[in-house]
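# Coordinates for the following, if possible.
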Amino acid sequence: MMRLTRVVRFEAAHRLVSDQLSDAENERIYGKCCRPGGHGHNYEVEVTLTGEPDPVSGFLMPREEMDARIERALVSRVDHRNLNDVVDEVTTGENLAIVFERWLTAEFPGANDNVRLHAVRVYETARNQFEILSPASQAR
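So this is what the prediction gives:
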């Protein structure tokens, strides 16, 4: 079993705030990340596929095809955007990883019978990274 990981980068803003909490509770839980106006990050996302390389080309998936799918499913939706406008959850790193994995699964439902989305890792800062394994990967 082979794994292929591509890395993409984008810039986006967000504000950590929950509609289910009062202003005081949001401030207590999210601190400076809850300030009006929000803040931004230079995100990095690793998208990992797993499967068997094609016996003719030697590729798990052509890089250009993988990049185009990641661009369509993720980067075009979030780059230079306010994540609160495109994500329905509180935009914590944990929730972003979950949402991004869902979006990417739609682009990699099994490019063929041998290639599947394995994992998505979101780097929000140098100290904060969040990884989710794809349910399709865990089913194997």
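# before we move on, which element is the residue nearest the centre of the chain in?
In the chain, the C-alpha closest to the average C-alpha coordinate belongs to Phe100, at a distance of 3.4 Å (CA atoms, centre = their mean). Assigned by DSSP states H and E, Phe100 belongs to helix 93-107.
# tell me what that helix is packed against?
Applying 3 or more CB pairs under 8 Å, 6 or more residues apart in numbering; DSSP states H and E, one finds that helix 93-107 contacts helix 63-70, strand 115-123, strand 129-133. For the C-beta atoms, the positions are set from N, CA and C on the backbone; glycine is no exception.
# let's go with 10 Å and repeat that
Packing contacts for helix 93-107, counted by 3 or more CB pairs under 10 Å, 6 or more residues apart in numbering; DSSP states H and E, involve strand 2-14, strand 39-51, helix 63-70, helix 76-78, strand 115-123, strand 129-133, helix 135-138.
# out of these, nearest to Ile29?
Counting by CB to CB, Ile29 lies closest to strand 2-14 out of those; the figure is 14.9 Å.
# Following the chain onward from that closest one, which element is next?
Where DSSP H and E defines the elements, the next helix or strand beyond strand 2-14 is helix 23-30.
# how about that following helix: buried residues?
Of the residues in helix 23-30, those scored as buried under the neighbour-count criterion (16 or more other CB atoms under 10 Å) are 26, 30.
# CA atoms only: put that helix into PDB for me.
As requested, the backbone C-alpha atoms of helix 23-30 are provided in PDB (Å, rounded to 0.1, in the frame of the first residue of the first chain):
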ATOM      1  CA  ASP A  23     -20.600  37.000  24.400                       C
ATOM      2  CA  ALA A  24     -19.000  36.500  27.800                       C
ATOM      3  CA  GLU A  25     -18.800  32.700  27.300                       C
ATOM      4  CA  ASN A  26     -17.300  33.100  23.800                       C
ATOM      5  CA  GLU A  27     -14.700  35.500  25.200                       C
ATOM      6  CA  ARG A  28     -13.900  33.100  28.100                       C
ATOM      7  CA  ILE A  29     -13.500  30.100  25.800                       C
ATOM      8  CA  TYR A  30     -11.900  31.600  22.700                       C
END
